[in-house]
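> What follows is a predicted structure for the sequence shown.
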Amino acid sequence: MSGSIKMSNNKDISREAIQLWRIANYYFCEAKSIMKDLTHEFLHQKLGALAEDQIDTDIDTKSTKENIFSAHLGSCAIRLSTIEELFKKCGKDSERNKTYNALRKLSDVSQETIEENIRKVKIFHLFFRNIIAHREPQGEGKKKVYQEMERFFKAQSHDKVYNHIQKALYEIKTDIERIFLK
């Protein structure tokens, strides 16, 4: 009986992961379609500069294509991070998730170490999701490693964020195909 429960559970996880990837891909494609209308200056602007520009923005301010572009990439990152949790739930934890969780457990981390891990293991979507879910003003209340992750995140340009998310999207698709659709 327990074997059939586990099989059913993995089918549910597989279905959920595929659905989440499709939604993530949708958001990424929406960002891609907006990207052609964005200025070179915006795409090369650091995220930290944009965040500072938005501090006094009124809640009723109309969303710009730049805001929507960023929101689509953030929505994509959230779905990709949830898929990482599903991989772990079914016993197939990814190297991305393992690396990110190892970094989070450190008391501190250098910018070079973060850069190297993001380049090698494609964990930027996990950073992005963490920033969305846990952003505190200037990193107050966070341990040093989270402050460094936030500093790294804010130093990225919009086009780099787009490229990081694109790489993770396709890597995770490959993992879904390998794990669930073999």
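Received, thanks.
> okay, residue 133: pLDDT?
On pLDDT, residue 133 comes in at 72.
> Show me what the helix or strand encompassing it is packed against.
Residue 133 is part of helix 124-134, with elements assigned from DSSP states H and E. With contacts taken as 3 or more Cβ pairs under 8 Å, 6 or more residues apart in numbering; DSSP states H and E, helix 124-134 sits against helix 65-89, helix 95-105, helix 111-121, helix 144-154, helix 158-180. For every residue, glycine as well, the C-beta is placed using N, CA and C.
> how distant is the fourth one from the center of its chain?
Taking Cα atoms, centre = their mean, to the nearest Å, one finds helix 144-154 lying 14 Å from the centre of the chain it belongs to.
> Name the nearest residue to residue 37, ignoring sequence neighbours.
residue 65 (5.7 Å; Cβ to Cβ, 6 or more residues apart in numbering).
> can you check residue 126 too?
Spatial nearest neighbour of residue 126, chain neighbours left out: residue 100 (4.3 Å); criterion: Cβ to Cβ, 6+ apart.
> what does residue 31 give?
residue 72 (3.8 Å).
> number of nearby residues for residue 80?
By the criterion of other Cβ atoms under 10 Å, residue 80 has 29 neighbours.
> And residue 90, by the same measure?
If you count neighbours by other Cβ under 10 Å, residue 90 ends up with 16.
> need the contact list for the residue nearest to it when sequence neighbours are not counted.
Distance criterion Cβ to Cβ, 6+ apart; nearest residue to residue 90, sequence neighbours excluded, is residue 13 at 4.8 Å. Counting by Cβ atoms under 8 Å, 6 or more residues apart in numbering, residue 13 makes contact with 86, 89, 90, 180.
> Which two among these are spaced furthest apart?
Using Cβ to Cβ, the pair of the contacts of residue 13 lying farthest apart is 89 and 180, separated by 12.3 Å.
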